[in-house]
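Q: Would you be able to build a 3D model of this:
(one chain, ligands or ions: 2)
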Amino acid sequence: MLTEKLAQACPDLCIDTDPDVLQSHGRDWTRFREPQPAAVVFPANLRQVVKLVKAARQLELALVPSGGRTGLSGGAVAAHGEVVVAMDRMRRVLEFDPVDRLLTVEAGTVTAAVQSFARERDLFYPVSFAAEGSASIGGNIATTAGGIRVLRYGLTRDRVAGLKAVDGRGRVLELNRGLVKNASGYDLRHLLIGSEGTLAIIVEATLRLEPTPPPSAVLLLGVTSMPVILDLMAELRKGFSLSACEFFSAEAMHMVCKARALRQPMDSDPPFYLLVEFDLPSEQSEALLERAAAVLEYAIERGWAVDAVLAQSQLQASELWAYREGISEAASAHTPYKNDLSVRLSRMPAFLSALEEATRRSFPQFQVLWYGHVGDGNLHMNVLKPADLDTVEFERMCKELSREHYELTARFGGSISAEHGIGLLKRAFLAQARSEAEIALMRGIKQVFDPDGILNPGKLL
Ligand code: MLT
Ligand code: ZN
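A: Ligands and ions are numbered 1, 2, ... in the order given. The predicted structure follows:
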C-alpha cells in the first residue's frame, strides 16, 4: 500500500518488490538479522533522491541507504519494513581534474573502479581493502572505511574533498567543493563522513587522488608472539618507508589455506604472521634488500621471527597478500561475531592478551580468529560460531562477552569500532564507547539533519 503511494509520489523512480531483490538488497554481509524491506528503490539521479526523501517524509517511510552491501555491522540492513535506497544506478564518473587531482563520482561507484580510473591516469586512489571489488564509495564514506594503507594515506575521511548529499528534509547540501582550505565555519562534510546514512543520503563525492607510489616490496614474516610484532615494526620503520603493516594468527592462515586451497608459505607454523609492504625505488633496491636481510637476521637472532618470505615478483606479492585478504571471506562460513577494535599501537599486545584472557575465562568453547591492521592499531577479533550452536544464542553469548571486551576497550582508551561502524550490531554498546554528553550532542545533530527520523533509523544511535 505504502509502496503504491510512493510510486504515485515518485512516478519515474524504479521501485522493486521482487522477493529475491528484497532479500539481496535488504542486507549487508552480516548474518544476524533477516532482511524484511518493504521495497527497494533505485534512484538514477540527484533529483530522484530529493523527491524520494520528500515523499518518504510525507508518507513516514524509513529509508536505508545501500551501496555495495559489504558492511560488517548491519548498517545497511533493512529488517523492519524500510525502503532500501540502492545506489546501483548511480555509478557515473562526473568530473576529473588533473590539476587538482580530484575525481567526482556518484555514490554508487565501486571502490575498485575509482582505483582503476586513477591508475589509468597515472594516479593512485589509496583506500584498499578485501571488499573493494563490491563496496561503493558512498558506503566507504558512510563508515569512513580504512583498510590496508591507512598507515601512510589515512582513512576515507582523508580522501573526501567534497560531498553532495540530501538531508532528511530533502535539502541538497554541497559541502566543501574540493577545497583544500576552508575555514568558513563548521565542516559539515566531516559530520556526514562516518554517519552511517543517519544524517543524509550521500549522492556524489569528490575524492583526492595521489601520485603513483614508487615500486614496493612485500615481506611476510613468521613471528613468535604478538609483543614482538611491535619490536619488529620499530626496527622496520627505522630503515624503510612502510605503506602497509598487517598481522594475522596461525589459525587465520590455516583457515585461508583451507578455504582457498593454498599451500602455507613457510615450513614452520608460527603463531603469528606480519605482512609488510615497503617502498623499493629501483635506484635503492639493492641497499634496501640488503637492509631487509639484516633486519631479518637480527629478528631471528633475538627470537622474534622464525622465517620470512620476500616476494620476488608482482605475482608473488599478490600471493602473499592473498593470505591476508582471504581471511574475512574464509571466516564468513563460521558466522563470525566481528569485533573491530582499535587502541594506541603501544597498548596493542597487552590489550590483545587481556581480550584473550577474558574470552577464555567466560566462553572457553569459542575459537577466536585474530587479524588486523597492526600498523594503525586496528584489531579484528572474530569470534567463530561453534557449528552446533544456534545463531540467536551465539549472538546473545557474544553480546554478553562484548560487555567485557568493551569494558577492557574503554580501560585501554580504545574504540569499539575502528572502521566497520556501529550500525545495528554495536548500537547497544555505544554508551560504553562515547560519553553521555557526546551521545546527547549526536542525537541533537541527528534531529537537525533528519527531524522526522526517516534516515536509517535504529542504526548508530
Ligand atoms: C579486513 O580487514 O579484512 C576487513 O576489515 C574485513 C574484516 O574485518 O573481516
Ligand atoms: Zn579491516
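Q: and the closest residue to residue 259 other than its chain neighbours, what is it in contact with?
A: Using C-beta to C-beta, 6 or more residues apart in numbering and skipping residues adjacent in sequence, the residue nearest residue 259 is residue 330, 3.7 Å away. From N, CA and C alone the C-beta is placed, and that goes for glycine too. Going by C-beta atoms under 8 Å, 6 or more residues apart in numbering, residue 330 touches 252, 255-256, 258-260.
Q: so how far is the top helix by length along the chain from its chain's centroid?
A: Longest helix of the chain, by residue count under DSSP state H: helix 391-411. In terms of C-alpha atoms, centre = their mean, to the nearest Å, the centre of helix 391-411 is found 20 Å from the chain centre.
Q: For that helix, buried residues please.
A: 394-395, 397-398, 401-402, 404-406, 408-409 (16 or more other C-beta atoms under 10 Å).
Q: Can you give me the pLDDT of the residue of the chain found nearest ligand 1?
A: The nearest approach of the chain to ligand 1 comes at residue 328, 3.2 Å away (C-beta to the nearest ligand atom). At residue 328, the predicted lDDT confidence score is 96.
Q: average pLDDT across the longest helix of the chain?
A: 96.
Q: What are the contacting residues of the helix or strand just after that helix?
A: Toward the C-terminus, helix 391-411 is succeeded by helix 430-433 as the next helix or strand (DSSP states H and E). With C-beta under 8 Å, 6+ apart as the test, helix 430-433 has contacts from 403, 406-407, 409-410, 415-417, 422, 439, 460-461.
Q: so what's residue 54 closest to, chain neighbours aside?
A: Going by C-beta to C-beta, 6+ apart, residue 54 has residue 170 as its nearest residue, at 4.0 Å.
Q: Spatially central residue in the chain, please.
A: Central residue of the chain (C-alpha atoms, centre = their mean): residue 145, 4.0 Å from the mean position.
Q: so it touches residue 127, yeah?
A: Yes: judged on C-beta atoms under 8 Å, residue 145 makes contact with residue 127 at a distance of 6.1 Å.
Q: list residues touching both of those two?
A: With C-beta under 8 Å, 6+ apart, residue 145 and residue 127 have common neighbours 111, 155-156.
Q: Could you identify the buried members of these?
A: 111, 155-156.
Q: would you turn those into TSV with secondary structure, pLDDT and distance to ligand 1?
A: Shown next, in TSV, are these (DSSP: H, G, I helix; E, B strand; the rest coil; pLDDT from 0 to 100; distance: C-beta to the nearest ligand atom, whole Å):
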residue	secondary structure	pLDDT	distance to ligand 1
111	helix	98	13
155	coil	98	12
156	helix	98	13
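Q: which one of those residues sits closest to residue 101?
A: residue 156 (16.4 Å; C-beta to C-beta).
Q: Packing partners of the host helix or strand of residue 295?
A: Following DSSP H and E, one finds residue 295 within helix 285-301. With contacts defined as 3 or more C-beta pairs under 8 Å, 6 or more residues apart in numbering; DSSP states H and E, helix 285-301 has these neighbours: strand 216-223, helix 226-239, strand 305-310.
Q: Deepest-packed of these, please.
A: strand 216-223 (a mean of 22; mean count of other C-beta atoms under 10 Å).
Q: what residues does the stretch 251-400 of the chain put near ligand 1?
A: For the stretch 251-400 of the chain, the residues in contact with ligand 1 (C-beta under 6 Å from any ligand atom) are 327-328, 338, 380.
Q: circling back to that earlier point, dump the helices and strands packed on helix 285-301 to a markdown table, plus mean pLDDT and distance to residue 80.
A: A markdown table is the format used below for the helices and strands packed on helix 285-301 (pLDDT from 0 to 100; distance: least, C-beta to C-beta, whole Å):
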| stretch | mean pLDDT | distance to residue 80 |
| --- | --- | --- |
| strand 216-223 | 98 | 45 |
| helix 226-239 | 95 | 41 |
| strand 305-310 | 97 | 49 |
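Q: Reformat the ones you listed into a markdown table and put distance to residue 297 next to each item.
A: What follows is the helices and strands packed on helix 285-301, written out as a markdown table (distance: least, C-beta to C-beta, whole Å):
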| stretch | distance to residue 297 |
| --- | --- |
| strand 216-223 | 12 |
| helix 226-239 | 11 |
| strand 305-310 | 10 |
